[in-house]
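no sequence for this one, just the structure:
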């Protein structure tokens with residue numbers, strides 16, 4: 001599977017047109033470019049405002065200021081977006097202590113990567129059997145509330161810690177409502193009312209919604225062609241988008257995708273109630289079999305293939321984004337990281353540490369792309385110093401607004417003289433501690449940028465109340481990296 005080239009008839013955002021510089025006066029340049037995004041056959045023209053460049057010198061002195069696609073020194077960006085299916089609190093902590101921290105864990109030395117997960121508010125499934133080797137029923141998998149109760153908490157305190165700490169950045173819809181008979185459902189609008197209240201009271205406002213499950217999950221929304229999704233139909237008793245979008249949901253995943261990498265991940269969606277949000281792609285499958293069946297690859301058993309050397313190298317070569325769909329806790333009996341799968345994660349970590357591939361949580365990838373694609377800035381030269389002013393993010397879906405420092409994390413500009421260049425938000429100087437000046441990269445150009453998010457490799461499980469820390473998963477002997485588990489290793493083996 002390779003990073004595929006965009007086709008004329010697909011729905012991918014097209015490349016920027018080349019810069020067109022036009023002298024307006026002897027002291028002003030206007031840079032104009034147009035980008036077109038397509039979503040589900042409806043063409044949406046996204047024309048960015050002119051980027052005015054004022055100078056007290058010749059136009060040539062500022063013409064070299066251009067946006068770098070990714071933060072220096074990286075050539076591509078990747079996130080793993082894992083669905084909450086089959087997770088228990090025990091599984092979650094075991095997985096993310098290994099992925100996110102740099103401590104010694106039962107799976108080996110932690111990788112120290114920025115990988116976030118998703119969570120359910122409610123569980124309304126009748127799936128039989130168990131989701132781990134401890135005998136945890138699917139109805140008791142990790143969730144905020146206990147099953148369908150709107151008052152009894154299940155893993156709420158832990159989920160609050162992980163949301164605030166960055167180990168969770170997405171809602172996997174409002175819950176697992178998958179039924180064996182897909183004509184039945186236990187979903188109701190009151191679950192959205194309760195969830196939104198919890199999001200407000202406990203600062204759980206996440207902006208990513210990942211649709212879940214089979215046709216029983218009628219509260220899903222985002223696909224106007226769907227015959228079962230009712231969440232954005234105002235006339236339906238399952239209508240919830242009027243609650244979820246104002247509560248902060250701005251990015252929705254709703255469709256399969258067999259492309260590992262893309263030049264852009266975002267495309268506009270107009271919900272059936274008229275609200276506008278961003279859709280985003282995830283790498284979910286390897287296309288179709290000869291019998292027309294989707295070849296899903298979002299199982300932990302496929303991690304090694306998803307993170308193959310060929311995939312990562314082609315992503316970096318093409319300068320693309322990738323969001324990998326996964327179900328890291330989805331196997332009821334086996335640990336997700338062993339053999340080729342574990343080696344794929346270690347390979348990913350090495351590309352990150354080598355400065356070639358920026359690995360980050362999905363929310364940061366999406367916000368970065370939004371800022372990088374739609375940032376309006378101006379450049380002036382005064383007293384021999386170049387000033388780059390971030391004026392606004394001209395977001396064509398959610399609206400134009402002045403960027404915050406958080407939204408500009410990682411934004412990087414090529415400039416001939418970084419030492420004589422300063423960054424501003426509007427006319428406010430970005431603090432020197434938040435500014436990075438970079439040497440020449442593989443293109444031969446130097447750059448200046450806003451500092452990327454600092455690494456967070458601390459163990460959030462230590463913040464939990466003692467009774468939730470699961471001592472058997474809290475510590476482990478110093479082990480080399482990687483520690484390759486055998487395929488018969490189970491969730492109950494320790």
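Received it, and whenever you're ready, just let me know what you need. All of these numbers come straight from a predicted model, not from anything done at the bench.

residue boundaries of the helices in the protein?
89-100, 156-165, 189-201, 241-244, 303-306, 309-318, 339-353, 362-374, 471-474 (DSSP state H).

residue 450 is nearest to which of those?
helix 362-374 (9.6 Å; C-beta to C-beta). (C-beta placed from N, C-alpha, C; glycine too.)

the closest one - what's its average pLDDT?
For helix 362-374, mean pLDDT rounds to 98.

find the nearest non-adjacent residue to residue 248, please.
Nearest in space to residue 248, with sequence neighbours left out and distances taken as C-beta to C-beta, 6 or more residues apart in numbering, is residue 205 at 4.2 Å.

quick check: the one you found vs residue 446, distance?
39 Å (C-beta to C-beta, to the nearest Å).

between those two, which is the more surrounded one?
Neighbours were counted for residue 205 and for residue 446 using other C-beta atoms under 10 Å; residue 446 has more, 19 against 12.

was I right to think that one contacts residue 416?
Yes - the criterion here is C-beta atoms under 8 Å, and residue 446 meets it with residue 416 at 7.2 Å.

burial count for residue 439?
Using other C-beta under 10 Å, residue 439 has 10 other residues around it.

what's the pLDDT at it?
The model's pLDDT for residue 439 equals 98.

ok, the closest residue to it other than its chain neighbours to residue 409 distance?
Computed as C-beta to C-beta, 6+ apart, the closest residue to residue 439 that is not its neighbour in sequence is residue 446, at 5.9 Å. Between residue 446 and residue 409 the computed distance is 20 Å (C-beta to C-beta).

one more: residue 422?
Using C-beta to C-beta, one gets 17 Å for the distance from residue 422 to residue 409.

more crowded one of these two?
Counted by other C-beta under 10 Å, residue 422 and residue 409 do not tie: residue 409 has more neighbours, with 20 against 16.

I'd say that one and residue 368 touch.
Yes - Residue 409 is within contact range of residue 368, at 7.1 Å (criterion: C-beta under 8 Å).

for the chain, which spans come out with low pLDDT?
Residue ranges of the chain with pLDDT under 70: 1-63, 467, 469-494.

residue contacts, the nearest residue in space to residue 228 that is not next to it in sequence?
Of all residues not flanking residue 228 in the chain, residue 215 sits nearest, at 4.1 Å (C-beta to C-beta, 6+ apart). Applying C-beta atoms under 8 Å, 6 or more residues apart in numbering to residue 215 gives the contacts 182-183, 228.

neighbour count and distance to residue 176 added to those, as JSON lines?
As requested, those are exported to JSON lines (neighbours: other C-beta atoms under 10 Å; distance: C-beta to C-beta, whole Å):
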{"residue": "182", "neighbour count": "14", "distance to residue 176": "13"}
{"residue": "183", "neighbour count": "8", "distance to residue 176": "17"}
{"residue": "228", "neighbour count": "15", "distance to residue 176": "16"}
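
quick one, phi/psi of the closest residue to residue 450 other than its chain neighbours?
In space, and not counting its chain neighbours, residue 450 is closest to residue 408: 4.5 Å by C-beta to C-beta, 6+ apart. Torsion angles at residue 408 (phi, psi; degrees, to the nearest 10) stand at phi -90, psi 0.

and residue 408, how many neighbours?
The number of residues packed around residue 408, counting by other C-beta under 10 Å, is 24.

distance check, the residue nearest to residue 228 against residue 285.
In this view, residue 215 and residue 285 are 19 Å apart by C-beta to C-beta.

and for residue 114?
25 Å.

so those two - more neighbours on which side?
residue 114 (23 against 18).

so that one makes contact with residue 100?
Yes - counting by C-beta under 8 Å, residue 114 does reach residue 100; the two are 7.1 Å apart.

are there residues contacting both of those two? Which ones?
By C-beta under 8 Å, 6+ apart, residue 114 and residue 100 have these common neighbours: residue 456.

number of nearby residues for residue 294?
Around residue 294 there are 13 other residues, counting by other C-beta under 10 Å.

so it bridges to which residues?
With DSSP bridges applied, residue 294 shows beta-bridge pairing to residue 288.

does it touch residue 256 like I think?
Yes - taking C-beta under 8 Å as the definition, residue 294 is a contact partner of residue 256 at 6.2 Å.

so what sits against both of the two?
residue 285.

so how far is residue 406 from residue 164?
Here residue 164 is placed at a distance of 15 Å from residue 406 (C-beta to C-beta).

tell me the contacts of residue 400?
Neighbouring residues of residue 400 by C-beta under 8 Å, 6+ apart: 392-394.

as TSV, the residues you listed with neighbour count and distance to residue 140 would be great.
Listed next are the contacts of residue 400 as TSV, based on neighbours: other C-beta under 10 Å; distance: C-beta to C-beta, whole Å:
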residue	neighbour count	distance to residue 140
392	16	47
393	22	42
394	17	46
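
let me know the closest of the residues you listed to residue 109.
Nearest member of the contacts of residue 400 to residue 109, counting by C-beta to C-beta, is residue 393, at 38.7 Å.

let me see the contact set for that closest one.
For residue 393, counting by C-beta under 8 Å, 6+ apart, the contacting residues are 370-371, 374-376, 400-403, 407.

at 10 Å instead, please
Counting by C-beta atoms under 10 Å, 6 or more residues apart in numbering, residue 393 touches 367, 370-376, 399-404, 407-408.
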